[in-house]
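K.L.:
just coords:
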């Protein structure tokens, strides 16, 4: 796996774990070395590595290698445990030349790095004092002997060192500092000076101020980003640079994959401390931890330039940035621009030619080629559609090198890349010619702009006329007026044609809608005629049953499928036919007067007409259950929480059944806006869709899809989830990597989960950390895939169905010929299906050639008795 992808962090960990279990020490060392070159290692990994190397180090040369390893370890993160281990290991070499001084040097560096750590700093101070006490013990004269002046001086010096350690420690707010003060009182033969007591009390007061933040960190769950940020703000107000640096380092040790935190830390170091080694080390660690963040690389290049790092090193770092794997094409444009800015600042433009200038021109050409080849191949776009890098190149040539000929060649190249139709591009070139060129080229550029511009030709025409008014001759003015008038006339003519075409399309859509409406009416009449013929046949067959049927009429009862004779088979057929678009069979036990009453009530239902002038106070509600009883009452109870409801207009079919959508009109616009918050609310087992009421004919560009279809760095897309996974269970998994703002489980129209989810974090940093930690995670025996949300572009159908509801509702699934989904299976036995002619289907799945528009009358079905039906079914 690592031979395919060397940047697979988890794979490195797995390999190291396996090699350590097998005891392959040589391969283990090589694997750790490789990982440390690519990534900063955590405290746990470093401690395991150091302990393994310490066990194998016996000779002095091997001890030096361990020292080198410790030096690398303390540079990745601030780790008190590693510093303590380093100091204690160095004590083992105390017998070598300069051993004591080396131990003291390591302890002093450790105290500088982590001695201010409120909770873990005490251990280092105590270890340092114990070491000095051990030295003091060895310097004591033998019992009964008198120390020489040299010994006495060394004893005094050693005692002073221990005194100084106590006093330094007591001036720092550390946990359990009361115990350290008591220990000092007991150890010291002399009273503690007043200045030390004063510093101790001041540190104690400061500790009380720090305790709430330390307690918040202690009780918080990883990564504790909000708690650390509050602590950082507190220290920033206090203004102690050493403490500010320490709290930043502590926060980064637990949030190493948060680019924003690295950026704030580096900005503080750049502006306040300005220490070269410290600043460059922090920038280097930032890009190693978050290599995908282009802003960190740009700040690193600026810091290297600011501290006058060698040009070759900066160029190497830029090449590393190009291989960092940015997630957007525009990131590559930004890093190239930062590097080109650096190269431009190196050039002395007072000289006609120089090595630096040639390097700059070569870099510009390389940048253009890189974006065209590498970036465009990976992202299907160069990331620089406006050619900003070429524009800057042209400005450098024109303004700094006085080479307008090269600048014109570059602008000619820019215009051939699809930018000639934009007025702002022509005006940018015109301004460059105006400042560094001549009037002839300005006039030529504007004439070309008038001819080519398609977005704002009036603006370009106005600039051309202004130029000729100020500097042109009469002939120039006449030519400009004629050219602009001709161009604007053509533009107005094209706009008029486009408007006529749009109006014609709208009219055509209205005519098609009317034709479909008429076809449905004729089809309904045809079905009614067939139903009447079936009823006549059934009446003739029922006459043969005699007395039995009369009893059925007097005492109706519910019959189950398969009971009785052929009459019930025909009833079952009627039920099954209802799956293909009908509202269902009429119950045989329903009294005739009720049938007539229901039929009359259905016919009396008025068609729902929508007043488009009330769109701002109306919402469109869809995906409701067709079986919802009294939708007006049900929905009024639901939407009254948003404001006063003026009217609810449910839409019914011609048979009187609810079609699952309606209009909800409010008294005030703010109520309609608040109602949009009920979108996706589950009503009777289905997610209800609530969308703005917008006429698509008047607003064709309006999108009711409320979720972003572009890259969202703070949001994750998760796939492969088990269908049983709930929102709460997923939140428990995700909140371990940051503050979760929202979770959306993707469902179908019936509310059933699809195994997909979108998780929104507070910022890009937390989302990036979650991707690295969660991708490939197992949830309920399902391996999930996690990535930054970057949905593909939504491809809407070219010819949407025109209808009363389609203008306002969210896009619905494509329906088949009978109103149900195409994939729905037929539940009626094939033997009972009537053969019909093939039906042509349009692109949107709707029937185009209905029986009403056919040139031939429908074929008269052959009459069959109930007994014939039964025989046919049994034969099959």
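P.N.:
All right, it came through fine. Predicted, not measured: the structure shown is a model, and the values here were computed from it.

K.L.:
Any chance you could list what contacts stretch 110-117?
P.N.:
Outside stretch 110-117, the residues that touch it by C-beta atoms under 8 Å, 6 or more residues apart in numbering are 74, 78-80, 83-84, 86-87, 120-121, 124-125, 128, 172, 174, 242-243, 246, 250. (Glycine included, C-beta is placed from N, CA and C.)

K.L.:
run the last query once more with 6 Å
P.N.:
Residues external to stretch 110-117 that are found in contact with it (C-beta atoms under 6 Å, 6 or more residues apart in numbering): 78, 80, 83, 87, 121, 124, 243, 246.

K.L.:
what mean pLDDT would you report for that stretch?
P.N.:
Across stretch 110-117, the average pLDDT comes to 94.

K.L.:
related to what we said a few turns ago, any idea which of the contacts of stretch 110-117 is the one closest to residue 415?
P.N.:
When the contacts of stretch 110-117 are compared for distance to residue 415 (C-beta to C-beta), residue 78 comes out closest, at 53.9 Å.

K.L.:
burial of that closest one, as a residue count?
P.N.:
20 (other C-beta atoms under 10 Å).

K.L.:
just residue 759 next, same as before
P.N.:
A count of neighbours around residue 759, defined by other C-beta under 10 Å, yields 27.

K.L.:
What helix or strand is the closest residue to it other than its chain neighbours located in?
P.N.:
Excluding its sequence neighbours, the residue lying closest to residue 759 (C-beta to C-beta, 6 or more residues apart in numbering) is residue 716, at 4.5 Å. Using DSSP states H and E, residue 716 falls within strand 712-719.

K.L.:
Mind listing what's buried along that strand?
P.N.:
712-718 (16 or more other C-beta atoms under 10 Å).

K.L.:
thinking again about what came up before, and the two most separated of the contacts of stretch 110-117?
P.N.:
Spatially, the most separated pair among the contacts of stretch 110-117 is 87 and 243, at 21.8 Å (C-beta to C-beta).

K.L.:
Buried residues of the one helix or strand residue 449 maps to, list them for me.
P.N.:
Taking DSSP H and E as the definition, one finds residue 449 inside helix 439-452. Residues 441-443, 445-447, 449-450, 452 are the ones in helix 439-452 that count as buried (16+ other C-beta under 10 Å).

K.L.:
Which secondary structure elements does that helix sit against?
P.N.:
Packed against helix 439-452 by the contact rule (3 or more C-beta pairs under 6 Å, 6 or more residues apart in numbering; DSSP states H and E) you find helix 423-436, helix 457-471.

K.L.:
quick one on the thing from earlier: out of the contacts of stretch 110-117, which end up buried?
P.N.:
78, 80, 83, 87, 121, 124, 243, 246.

K.L.:
The nearest residue to residue 1 once chain neighbours are set aside: neighbouring residues, count only.
P.N.:
Nearest in space to residue 1, with sequence neighbours left out and distances taken as C-beta to C-beta, 6+ apart, is residue 11 at 4.7 Å. By the criterion of other C-beta under 10 Å, residue 11 has 15 neighbours.

K.L.:
The helix ranked longest in the chain - contacts with which helices or strands?
P.N.:
Taking DSSP state H as the assignment, the helix of the chain that covers the most residues is helix 474-543. When contacts are defined as 3+ C-beta pairs under 6 Å, 6+ apart, helix 474-543 sits against helix 457-471.

K.L.:
what's the helix it packs on in contact with?
P.N.:
The contact list for helix 457-471, computed with C-beta under 6 Å, 6+ apart, reads 423, 439, 446, 449-450, 453, 476-477, 480, 484, 491.

K.L.:
what's the spacing between it and its chain's center?
P.N.:
For helix 457-471, the gap between its own C-alpha mean and the chain's C-alpha mean amounts to 45 Å (C-alpha atoms, centre = their mean, to the nearest Å).

K.L.:
buried sites along that helix?
P.N.:
With burial defined by 16+ other C-beta under 10 Å, the residues of helix 457-471 counted as buried are 457, 460-461, 463-465, 467-468.

K.L.:
same deal with stretch 190-203?
P.N.:
Neighbour-count burial for stretch 190-203, counted by 16+ other C-beta under 10 Å, picks out 192, 196, 199-200, 203.

K.L.:
what's the closest of the residues you listed to residue 675?
P.N.:
Closest to residue 675, out of all of these and judged by C-beta to C-beta, is residue 203, at 58.6 Å.

K.L.:
Alright, that wraps it up for me.
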